[in-house]
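Engineer: Could you work out the structure for the sequence below:
(2 chains)
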Amino acid sequence: MSDHEYTPKSKVGKWFNDRLPILTLANHLTDYPTPKNLNYWWTFGGILTFCLITQIITGLTLAMHYIAHADMAFESVEQIMRDVNYGWLIRYIHANGASMFFLAVYIHIFRSLFYGSYKSPREIIWIIGIIIYLLMMAAAFMGYVLPWGQMSFWGATVITNLFSAIPLVGEGIVAWLWGGYSVDNPTLTRFFTLHYLIPFLILGLVVLHIWALHVPGNNNPVGIDIKKPSKDTVPFHPYIVIKDGFALLMFMIVFAFFVFYAPNILGHADNYIEANPMVTPAHIVPEWYLLPFYAILRSIPDKLLGVLAMLFAIIILALLPWLDTSKIRSAVFRPLYKQFYWILLADVLILGYMGAMPAEGLYLLIARIATSYYFLHFLVILPVLGFKEKTLPVPLSITDPVLGGSPNLAIAKNKESFEK
Amino acid sequence: MSDKKPERREFLFTASYVVGAVGVAAAVWPLVDQMNPDASVKALASTEVDISSVKPGNTITVLWRGKPVFIRRRTQDEITEAKSVKMEDLKHPEKDEDRAKDPEWLVMVGVCTHLGCVPLNDKGDYNGWFCPCHGSHYDTSGRIRKGPAPLNMEIPKYEFVDAGKIKIG
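Structural biologist: Residues are numbered from 1 along each chain as shown, chains lettered A, B, ... in the order given. Model prediction:
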């Protein structure tokens, strides 16, 4: 938090601020010192906030027309698409918005992995982020159930059945989740309730995420601690606001492309068939953003171990600040880690592709190798790398790599002494 | 005296915590239990099915408790195949006699024991059922032979009411 005292200029402002210091907060947010070398990978926090707000607004308006009942849900969604004024637009924004949300969150997460943003003193920011990610997956899964199509129904059946892998109490837990002996109306109504609730929980966690961020301040591409405010920082407004705004516009072009030109390309055609508990679609797959974890689940031939591996693949991320033993944050100065980073990214993409393919033959073999590598990366490579890797020299300030180490070193030094 | 007072206070603290915890648990339980299947759901637990028109080698599927139940009239070959399997070869060893009261009729819940999909009839490596979701193969007795499912398909409680009728549940 910034240390300087803030006093509003107007008398009314001062009167109000003495009673509720909201203007002090606003001032903190605008003046918030930000590293001046943040690149465009740092704009996804703002983009994600936009995604969350978009989902909440379109979700609220959809809820005015949607009917959470097994006999009427499918029809009410069709009614939204055909009859409700601009219903098609709002629903397509909401459905594609979920995909855009995950696209942005994956970029945001891999940004953190590259620049070591999860490391001390930012562990709590990171863990809150992982909890948000888990809640996002829960919200997305339950939202996908609401249209009550074939994929909705069977997706819900398969995912809730994951809990039946728990010894002894598993079956009881599944019946409790369903409110019956199969996925049915009670399941739909409770999923609707939770789907409505979770975005607001996420909103609360986002506030904590940003609060925790504003204690140490942003990490940066060089990954060093910087003095704030200093020559290495710029105020959040207008510098970062404009940059975030520009990136958001670019992102919205991609978003709009999906909404207006390919609104169903990320979905599955089977979900336009009403749920039928008697027939499972021939090839059921989850939405693209869950595919890597689905591949991990399927690559293990034992039910309980498969479910545990899938859960552990997510939980392991929360342990990352302690699994990565290197003191250097940014991959820029970690020549070996940088290579393993790209291998991990490729590994996750391969897992995603295998999750979409049938679990047999060569696909299954590749999925198994990729699953093993995923765990190897976090449990063996990262801890060992911290001790073995020879890292490159880290600059002392953000300005240093720009001015220092160049033939103009003397001039740079002269300039600094001149400024003093 | 000075020793006695804190002890008395500690007892009061602990007692208050315990009473408070019991109170919270009692208040939370209805909120948790409301999600469990209620009596009206449990009451819909039996279905009668007319099976007189099912020919050998055919399967009918009926809905029971929201789940499909397969009723298959097995051919002689299928029965022989099911009975000839050695117990050592089974992941979940169960004799065919224990699964089908009348060897001609196999009545089972048509739900894969892996993650709950409905397996396909007359498919898979064992001439029984094949689950398209994650590739489990079941034999002509509905027993798991290959794939991630841990158990054989469940046999519900059922009885032959008269010649052409089965009561499930």
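Engineer: So is the lowest-mean-pLDDT helix or strand in chain B next to chain A?
Structural biologist: The helix or strand of chain B with the poorest confidence is helix B:39-43; it has a mean of 81 (mean pLDDT, DSSP states H and E). Yes - in terms of CB under 8 Å from any CB of the partner chain, part of helix B:39-43 sits within range of chain A, namely B:Val41. Every C-beta, even on glycine, is put in place using the N, C-alpha and C of the backbone.
Engineer: Please name every helix or strand in contact with the one helix or strand B:Glu78 maps to.
Structural biologist: Assigned by DSSP states H and E, B:Glu78 belongs to helix B:76-84. Helix B:76-84 is packed against helix B:96-99, with contacts defined by 3 or more CB pairs under 8 Å, 6 or more residues apart in numbering or on different chains; DSSP states H and E.
Engineer: residues of the helix it packs on that come out buried?
Structural biologist: If you call a residue buried by 16 or more other CB atoms under 10 Å in any protein chain shown, then helix B:96-99 has these buried ones: B:96, B:99.
Engineer: Now do that helix: distance to the chain's middle.
Structural biologist: Remark: helix B:96-99 is offset 16 Å from the chain centroid, using CA atoms, centre = their mean, to the nearest Å.
Engineer: cool, and stretch A:35-52?
Structural biologist: On the basis of CA atoms, centre = their mean, the separation between the geometric centre of stretch A:35-52 and that of its chain is 12 Å.
Engineer: outside of it, which residues touch it?
Structural biologist: Around stretch A:35-52, the neighbours that count as contacts under CB atoms under 8 Å, 6 or more residues apart in numbering or on different chains are A:97, A:100-101, A:104-105, A:107-108, A:111, A:114-115, A:199, A:202-203, A:206, A:210, A:217-222, A:226, A:232-234, A:239-240, A:243-248, A:251, A:398.
Engineer: end-to-end on that stretch?
Structural biologist: For stretch A:35-52, the first and last residues are 25 Å from each other (CA to CA, to the nearest Å).
Engineer: tell me which residues in that stretch are buried?
Structural biologist: For stretch A:35-52, a neighbour-count test (16+ other CB under 10 Å) marks A:35-38, A:42-52 as buried.
Engineer: What of stretch A:210-228?
Structural biologist: Going by neighbour count (16+ other CB under 10 Å), the buried part of stretch A:210-228 is A:212-214, A:217-224, A:226, A:228.
Engineer: Nearest to chain B among these?
Structural biologist: Relative to chain B, the closest of the buried residues of stretch A:210-228 is A:Ala212; by CB to the nearest CB it sits at 29.4 Å.
Engineer: So the residue nearest to the closest one when sequence neighbours are not counted versus chain B, what's the distance?
Structural biologist: With CB to CB, 6 or more residues apart in numbering or on different chains as the measure, A:Ile125 is the residue that lies nearest to A:Ala212, at 4.4 Å, once sequence neighbours are left out. As defined by CB to the nearest CB, to the nearest Å, A:Ile125 lies at a distance of 32 Å from chain B.
Engineer: shaky segments in the chain?
Structural biologist: If you meant another chain, say so; for now it's chain A. Low-confidence segments of chain A, defined by pLDDT under 70, are located at A:1-4, A:401-420.
Engineer: right idea, wrong chain: chain B
Structural biologist: Low-confidence segments of chain B, defined by pLDDT under 70, span residues B:1-6, B:45.
Engineer: repeat that with 80
Structural biologist: Residues of chain B that meet the criterion pLDDT under 80 lie in B:1-6, B:42-45, B:163.
Engineer: what does it put close to chain A?
Structural biologist: B:32, B:35-38, B:41, B:61, B:63, B:65-68, B:114-118, B:131-135, B:147-150.
Engineer: what's the burial count for residue 32?
Structural biologist: Unless you meant another one, I'm taking chain A. If you count neighbours by other CB atoms under 10 Å in any protein chain shown, A:Tyr32 ends up with 22.
Engineer: I was after chain B.
Structural biologist: The number of residues packed around B:Val32, counting by other CB under 10 Å, is 10.
Engineer: can you check A:Ala68 too?
Structural biologist: A count of nearby residues for A:Ala68, using other CB under 10 Å, gives 19.
Engineer: How about A:Leu392?
Structural biologist: With neighbours defined by other CB under 10 Å, the count for A:Leu392 comes to 12.
Engineer: cool, A:Asp400 as well?
Structural biologist: The local packing count at A:Asp400 equals 15, with neighbours defined by other CB under 10 Å.
Engineer: show me where chain B has strands.
Structural biologist: If DSSP state E is used as the criterion, the strands of chain B fall at B:47-50, B:59-64, B:67-73, B:105-109, B:120-121, B:129-130, B:137-138, B:144-146, B:158-162, B:165-168.
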